[in-house]
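In: any chance you could fold what I've pasted below:
(2 chains)
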Amino acid sequence: MLYRESGQYKTSYTADQAIFPIREDRIGMGIIGVIALAIPFFVSDFFLNAIMTPFLILALAAIGLNILTGYAGQLSLGTGAFMGVGAYSCYKLTTIFPDANIVILVLLSGLFSAGIGVLFGLPSLRIKGLYLAVTTLAAQFFLEWCFIRIPWLYNYNASGAIEVPERRGFGDIILTGPSAAPMTQYFIVLAIVVVVTLAVKNIVRGRIGRQWMMIRDMDIAAELMGVRPLTAKLSAFAVSSYLCGVAGAMFIFFYLGAAEPSAFSITLSFQILFMVILGGLGSLVGSFFGAAFIWGLPIVLRAGFPALGIGIGAETVFHIATMIVGALIIFFLIVEPHGLARLWSLGKEKLRVWPFPYG
Amino acid sequence: MDFLYSILIDPFVQMVELPDFFLQVLWEGFVAGVLYALIALGFVLIFKASGVFNFAQGIMVVFAGLTLVGLHEKGVPAYLALILTIGVMGVLALAVERFVMRPLVNQPDIILLMSTIGLTYFLVGFGEFVFGGEPKQMITEELGLPTGSTAFEIGDGGLLILQHIDIAAAVIAIIMVGCLAVFFNKTRIGRALRAVADDHQAALSVGISLNQIWAIVWFAAGIVALTTGIMWGARSDVSFALEIIAFKALPVLILGGFTSIPGAIVGGLIIGIGEKIGEIYWGPLVGGGIESWLAYMIALIFLLFRPQGLFGERIIERV
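Out: Alright, predicted model coming up:
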């Protein structure tokens, strides 16, 4: 009843090909947009800083990996390291150009990550599947080693970690550093994520995105039809690493505030891979679902046990949370291998014909 | 010129000048290689029989070791604890088959891979929940494994020190590979396993139970994991840090081929020895610690020339 597109006629090709061709979807997106803009005024700084901001950043990283794994079909286990490249290059950029606006530097730092990504994507021209996973694993461990062993990257700090300096912009507002307001950081992250996601959505439905999907579905056929695997695969690596790099830079500058090399370990790579798989391979909205699920679940579990009156130590709660996350991942893979995005579209199908069982 | 000298000539000069040290490095690499090979063996077993790339093998090693030590700490005699641990691995195998593999049959590879990563998370949480997160001492002496070391004199005054536990590890690994080879080639179940590995549907149609076979392979992988856990635990401690080391099994498999048991052994030895020698002789040139990625780089370069591995079947898809 509420969600029914009958009667909405498209009179032009442009209208038919719009990102949200159905009126109800546009209304829904509008509501989500209003909520996203209003949320900082109703929740505590802690909620904003510990849940919302990292959720958006990780969703962007998940979109990055989704481009590579979901759209272009190249399995990667090096996402964490590519995020690290973004973070470290942003740190170096802001050291060299202290007066430049940090938002621009964050967006630029993704380019370095893209370069490294293309470099490690070269083996994908010859191998695929699990073999490719091993080469991305090489990227992960090699880059992690670089973050530790090349002191130039962290400005020869004694601690070996990077500390985010205070940077102002947009008329003297503190954007980064310990004294930045969580609300400011949330809005910057929101703006970047929204703009980039829109751009990605258009890339994915456009010529390049369709080439990626052809390569994923059947590479030989794609090649016969004139898709060059070289450009298609490497562009997927470039775009994916760019997004991961931007996400990594934001992760440090707008969320963590300081980072040791271990922040970009293989655990992070796996976490993001989980977001992509649980959210749904080849689905942008799924990346957001996956990020919300993987990032939110441990927090909910940790808050949930004490709330239920089960008095156990923080350590134990953490262990149980890990266990439940693992079990839930398996459970989700069994009941819905296509991820939360599939559940979402099934739900929409049901809504279309509601209150009838089928229409 | 200096730089080239330090890369191309100096390490070899060092090797010749201090032969006892070189042999020691070689031996260390050999032992590490044996342990990599054992982990890789667990991967190969499961990959052969079900096409599942089992990321959880590393955590199964830790889990088996922890169970053994944990039971002993609770006051169970060492040998009884060993038997009980084998039982626990059996239960784990049955549970994995029933609750993970069976519902996921015929899913794409990446889904199966993800499920084993999910299993890893589960086992990490479960292990820490039951046994605590801190490293534990392996009960080497209680299990009757040798401790101590023997020193050999080499050349003029050089010393080569062999830990007895390392020798034991190598011997046990060899026995284990022998047993597995006999098991795969001579027994009824072993033949069934190979049939399943070749073709699931054909195996089913001649009356081989896939579920049974999978439970058996996971159990066999569990036993391999337990052995690895004991050996590795005796060298350092039983801790969750071992999990990272388990990733080394991947380059080992690339080198050896995903489906070959001898390949796992040879690949393990090449990686083990190669990375120790690289670390000792070439590592200082770039600041050390290259052990963490050298294995992957070796595998990466190897992939470009021989993608099917040393002994693998030529099935790799290329574009």
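In: what does the stretch 1-150 of chain B have sitting close to chain A?
Out: Residues of the stretch 1-150 of chain B lying close to chain A by Cβ under 8 Å from any Cβ of the partner chain are B:53, B:99-100, B:103-104, B:107-111, B:113-115, B:117-126, B:128-129, B:133. (C-beta placed from N, C-alpha, C; glycine too.)
In: among those residues, name the buried ones.
Out: Buried subset of these (neighbour count, 16 or more other Cβ atoms under 10 Å in any protein chain shown): B:53, B:100, B:104, B:107, B:110-111, B:113-115, B:117-126, B:128-129.
In: who in the stretch 1-150 of chain A is up against chain B?
Out: A:69, A:75, A:123, A:125-131, A:133-135, A:137-138, A:141-142, A:144-145, A:148-150.
In: list the contacts for whatever residue of the stretch 151-300 of chain B ends up closest to chain A?
Out: Among the residues of the stretch 151-300 of chain B, B:Tyr296 lies closest to chain A, at 3.4 Å counting by Cβ to the nearest Cβ. Applying Cβ atoms under 8 Å, 6 or more residues apart in numbering or on different chains to B:Tyr296 gives the contacts A:Val134, A:Thr135, A:Leu137, A:Ala138, A:Phe141, A:Phe142, B:Leu250, B:Pro251.
In: the closest residue to the fourth one other than its chain neighbours and A:Thr136, how far apart?
Out: Distances taken as Cβ to Cβ, 6 or more residues apart in numbering or on different chains put B:Tyr296 closest to A:Ala138, at 3.4 Å, once the chain neighbours are dropped. Shown here: B:Tyr296 relative to A:Thr136, a distance of 9 Å by Cβ to Cβ, to the nearest Å.
In: repeat for A:Val276
Out: Taking Cβ to Cβ, one finds A:Val276 at 14 Å from A:Thr136.
In: and for A:Ile19, the neighbour number?
Out: 11 (other Cβ atoms under 10 Å in any protein chain shown).
In: ok, it touching A:Val204?
Out: No: with contacts counted by Cβ atoms under 8 Å, A:Ile19 stays clear of A:Val204, the gap being 10.5 Å.
In: now B:Lys162. Its backbone dihedrals?
Out: For the record, residue B:162 is Leu, not Lys. phi -110, psi 120 (degrees, to the nearest 10).
In: for the stretch 151-300 of chain B, what spans make up the strands?
Out: B:158-163 (DSSP state E, counting those that start in this stretch).
In: tell me which parts of it are close to chain A?
Out: B:244, B:247, B:250-251, B:254, B:258, B:286-290, B:292-293, B:296-297, B:299-300.
In: quick one: low-confidence residue ranges for the stretch 1-150 of chain A.
Out: Filtered on pLDDT under 70, the stretch 1-150 of chain A yields the residue ranges A:1.
In: show the contacting residues for the residue in it positioned nearest to chain B.
Out: Residue of the stretch 1-150 of chain A nearest chain B, by Cβ to the nearest Cβ: A:Ala138 (3.4 Å). When contacts are counted by Cβ under 8 Å, 6+ apart, A:Ala138 touches A:Phe120, B:Trp293, B:Tyr296, B:Met297, B:Ala299, B:Leu300.
In: do the same with B:Leu80
Out: Contacts of B:Leu80 (Cβ under 8 Å, 6+ apart): none.
In: what's the helix or strand for it?
Out: B:Leu80 is part of helix B:78-96, with elements assigned from DSSP states H and E.
In: before we move on, what about A:Arg4?
Out: Going by DSSP H and E, A:Arg4 is not in any helix or strand.
In: just give me the residue closest to the centre of chain B.
Out: B:Ile39 (1.2 Å; Cα atoms, centre = their mean).
In: so it sits against B:Met60, correct?
Out: No: shown here, B:Ile39 and B:Met60 do not form a contact pair, counting by Cβ under 8 Å, at 9.5 Å.
In: please name the residues that touch the closest residue to B:Gly233 other than its chain neighbours.
Out: Of all residues not flanking B:Gly233 in the chain, B:Met138 sits nearest, at 3.3 Å (Cβ to Cβ, 6+ apart). Counting by Cβ under 8 Å, 6+ apart, B:Met138 touches B:Gly65, B:Leu68, B:Val69, B:Ile230, B:Gly233, B:Ala234, B:Asp237, B:Val238.
In: now do B:Leu253
Out: Neighbours of B:Leu253 in contact, by Cβ under 8 Å, 6+ apart: B:Ala40, B:Phe43, B:Val44, B:Phe47, B:Gly263, B:Ala264, B:Gly267, B:Gly309.
In: again with B:Leu38
Out: With Cβ under 8 Å, 6+ apart, B:Leu38 has these contacts: B:Ala173, B:Met176, B:Val224, B:Thr227, B:Thr228, B:Met231, B:Gly268.
In: go with 6 Å
Out: Residues near B:Leu38 by Cβ atoms under 6 Å, 6 or more residues apart in numbering or on different chains: B:Ala173, B:Thr228.
In: part of a strand, is it?
Out: No: according to DSSP: H, G, I helix; E, B strand; the rest coil, B:Leu38 belongs to no strand; its state is helix.
In: show the pLDDT at it.
Out: Per-residue pLDDT puts B:Leu38 at 86.
In: same question for the one 3 residues further on.
Out: You'll see B:Leu41 listed with a pLDDT of 85.
In: circling back: the more surrounded of A:Val276 and A:Thr136?
Out: Just comparing A:Val276 and A:Thr136: by other Cβ under 10 Å the higher neighbour count belongs to A:Val276, 31 against 26.
In: surely the more buried one and A:Ile67 touch.
Out: No: the criterion here is Cβ atoms under 6 Å, and A:Val276 misses it with A:Ile67 at 9.7 Å.
In: helices of the stretch 101-250 of chain B, start to end?
Out: Assigned by DSSP state H, counting those that start in this stretch, the stretch 101-250 of chain B shows helices spanning B:109-131, B:164-186, B:188-198, B:200-205, B:210-235, B:242-246, B:249-256.
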